[in-house]
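Undergrad: I need the structure of the sequence given here:
(one chain, ligands or ions: 1)
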Amino acid sequence: MRYLVTGATGFIGLHLCQALVDRGDSVLALVRTPAKAAKLPDAVQTLAGDLTLFAGDVTLPEVDVVIHLAGVVAAPTADVYEAINFTAVKELVNCLERQSWSPKRLVFASSLAAAGPSSLDRAWTEKDPLNPIDPYGEAKMRAEAVVRDASFPTTCFRPCIVLGPNDSASLTLFKAAQGGVGIRVGSQAQQLSFVDVRDVITGILHMSDDTRDGHYTYYVSHPEAIDTERLWAGLGRALGRRVRVLPVPALLLRALVPFATLGSKLLGKTNQLDLKQYRQMVAPAFVCSSAALSEDLSWQAEYGLDATLAHATAGYRASGALR
Ligand SMILES: NC(=O)c1ccc[n+]([C@@H]2O[C@H](COP(=O)([O-])OP(=O)(O)OC[C@H]3O[C@@H](n4cnc5c(N)ncnc54)[C@H](OP(=O)(O)O)[C@@H]3O)[C@@H](O)[C@H]2O)c1
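TA: Prediction:
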C-alpha cells in the first residue's frame, strides 16, 4: 500500500516508517528538516515542507492511507499547540478533501491528554467524555472532531505514555533514574498507562489496514496500569541500579514552574516543567483501556513494563544517549 506519513522524523514516525518499509509498503514522508531525513530508511521518499504545505493549494500524490503523526508535545505557548495540533490538522483534512482522490483512511495521532486525567478506580474508555486539562489535550480533542467530520474513513488513536528507543521526551526519566533519583508528586503515586512503541506501531498498522467505512477512535495502551513507584523501580531494574524516589510537594513543584519556564527560555531549551507538565504530574491518574482496539481489530499489546524499559534502555545506550 502507499502511505503518506507526517511526523515521520519523530520518535513514533521513525519506528513506523521502518515497519512500513519492512512489510513492503511504499512511504512518502513529509519532512521539514532535511538533515533528519537521513535517519529514515532508504526506501522512504520525502516530500519537503512543513505542515503549512497543507494550507496551500497543493496537489498531493495519490496514496492509500495518510498517517498524521506530526504534532508538538512540548510547546513554548498555548498558541503553538493550537496552530500545530489543531489548525494544521484541520488544514490537512481540508487539503485531502480538495484532492482528486480520497484516502482509504486517515489515521490521526491524538493523545490520552485529550481525555484528561482518569479517576483512580477506572480506566478511560472511548465512551467516556473528554475533559482535557491543558492546551495540548484541548487542541488534540478539537482536532479529533475535525478528523471525524472528514468525508473519508478515519481513525483517531489516543496513545498514553509511549516508551521506546530514541524518544527524547522520556529520556529525562531514564537519565534521572540513571542518576539514582526519581520523584513522586504528593503523597500518592500517580497511576499511569504505558505502551511500548513497538506495540503502538502494530496498533497503527492494524488501524491502517482497517477497511471499514466510518470513523473510529481508540486508546492505545498496555492492559496493565502501573504507578510512578513501579515505573521508577522498573527503570532501576532496566538500568541496573537502585532508584530512590523522593516525594515532592505539589506546591513546591508549582513554585518551580516559572523558574523552569524562564530558565528554558534563556537557555533556548525545551521546558521540562511547564504548566502543562505540572498539571499532568499532579493529576491522580492517566489510565485508559485498549479493550475496544483489541476487540475490533484483534490488536494486543505484547510488551510488559520490564520488556519495554529494557528495549528503550538498550536503544538509548546504542545511540549514546545513555551510558
Ligand atoms: N510519544 C508519546 O508518548 C505520545 C503520546 C501521546 C500522543 N503522542 C502523539 O503522537 C504524535 C507523534 O509523537 P512523537 O512522540 O513521535 O513526537 P516527536 O518525536 O516530537 O515528533 C514530532 C514529529 O512531528 C514533526 N513536526 C512537528 N511540527 C511540525 C510542523 N510544523 N511541520 C511538519 N512537521 C512537524 C516533527 O518534525 P521534526 O523532526 O522536523 O521536528 C517530528 O517529525 C504526536 O502528534 C504526539 O502528540 C505521542
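Undergrad: going forward, measure contacts and count neighbours with C-alpha atoms only.
TA: Noted.
Undergrad: get me the contact residues on the stretch 151-300 of the chain for the ligand.
TA: 159-162 (C-alpha under 6 Å from any ligand atom).
Undergrad: leaving out the residues flanking it, which one is nearest to whatever residue of the stretch 51-200 of the chain ends up closest to the ligand?
TA: Using C-alpha to the nearest ligand atom, the single residue of the stretch 51-200 of the chain nearest to the ligand is Ala70, 3.3 Å away. Residue nearest to Ala70 in three dimensions, not counting chain neighbours: Gly7, with 3.7 Å by C-alpha to C-alpha, 6 or more residues apart in numbering.
Undergrad: run a quick neighbour tally on the one you found.
TA: 23 (other C-alpha atoms under 10 Å).
Undergrad: which ones are touching it?
TA: 13, 29-31, 68-71 (C-alpha atoms under 8 Å, 6 or more residues apart in numbering).
Undergrad: at 6 Å instead, please
TA: The contact partners of Gly7, taken as C-alpha atoms under 6 Å, 6 or more residues apart in numbering, are 13, 69-70.
Undergrad: can you tell me how far it sits from Val245?
TA: According to C-alpha to C-alpha, to the nearest Å, Gly7 and Val245 sit 34 Å apart.
Undergrad: same question for Leu130.
TA: Distance of Leu130 to Val245, given as C-alpha to C-alpha: 32 Å.
Undergrad: near the ligand, which residues of the stretch 1-150 of the chain? Just list them.
TA: Residues of the stretch 1-150 of the chain lying close to the ligand by C-alpha under 6 Å from any ligand atom are 7-13, 32-33, 50-51, 69-73, 84, 109-111.
Undergrad: where along the stretch 51-200 of the chain do the strands fall?
TA: 65-68, 105-109, 154-159, 161-163, 181-185, 191-192, 194-196 (DSSP state E, counting those that start in this stretch).
Undergrad: any chance of those strands in JSON lines with mean neighbour count, distance to Gly203 and mean pLDDT as columns?
TA: Below are the strands of the stretch 51-200 of the chain laid out as JSON lines (neighbours: other C-alpha atoms under 10 Å; distance: least, C-alpha to C-alpha, whole Å; pLDDT from 0 to 100):
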{"stretch": "strand 65-68", "mean neighbour count": "24", "distance to Gly203": "12", "mean pLDDT": "98"}
{"stretch": "strand 105-109", "mean neighbour count": "25", "distance to Gly203": "11", "mean pLDDT": "98"}
{"stretch": "strand 154-159", "mean neighbour count": "25", "distance to Gly203": "9", "mean pLDDT": "98"}
{"stretch": "strand 161-163", "mean neighbour count": "22", "distance to Gly203": "12", "mean pLDDT": "97"}
{"stretch": "strand 181-185", "mean neighbour count": "20", "distance to Gly203": "30", "mean pLDDT": "92"}
{"stretch": "strand 191-192", "mean neighbour count": "24", "distance to Gly203": "19", "mean pLDDT": "96"}
{"stretch": "strand 194-196", "mean neighbour count": "25", "distance to Gly203": "11", "mean pLDDT": "98"}
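Undergrad: in CSV, list those along with distance to Gly263.
TA: CSV is the format used below for the strands of the stretch 51-200 of the chain (distance: least, C-alpha to C-alpha, whole Å):
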stretch, distance to Gly263
strand 65-68, 32
strand 105-109, 30
strand 154-159, 30
strand 161-163, 26
strand 181-185, 20
strand 191-192, 28
strand 194-196, 30
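Undergrad: any idea which helix is longest in the protein?
TA: Ranked by number of residues, the top helix in the chain under DSSP state H is helix 250-267.
Undergrad: checking Pro41 next. Helix, strand or coil?
TA: When classified by DSSP: H, G, I helix; E, B strand; the rest coil, Pro41 comes out as coil.
Undergrad: report pLDDT for it.
TA: pLDDT recorded at Pro41 is 97.
Undergrad: for the residue nearest to it when sequence neighbours are not counted, the count of nearby residues, please.
TA: Leaving aside its sequence neighbours, Pro41 sits nearest to Gln18 (C-alpha to C-alpha, 6+ apart; 6.2 Å). Number of residues near Gln18 (other C-alpha under 10 Å) recorded here: 20.
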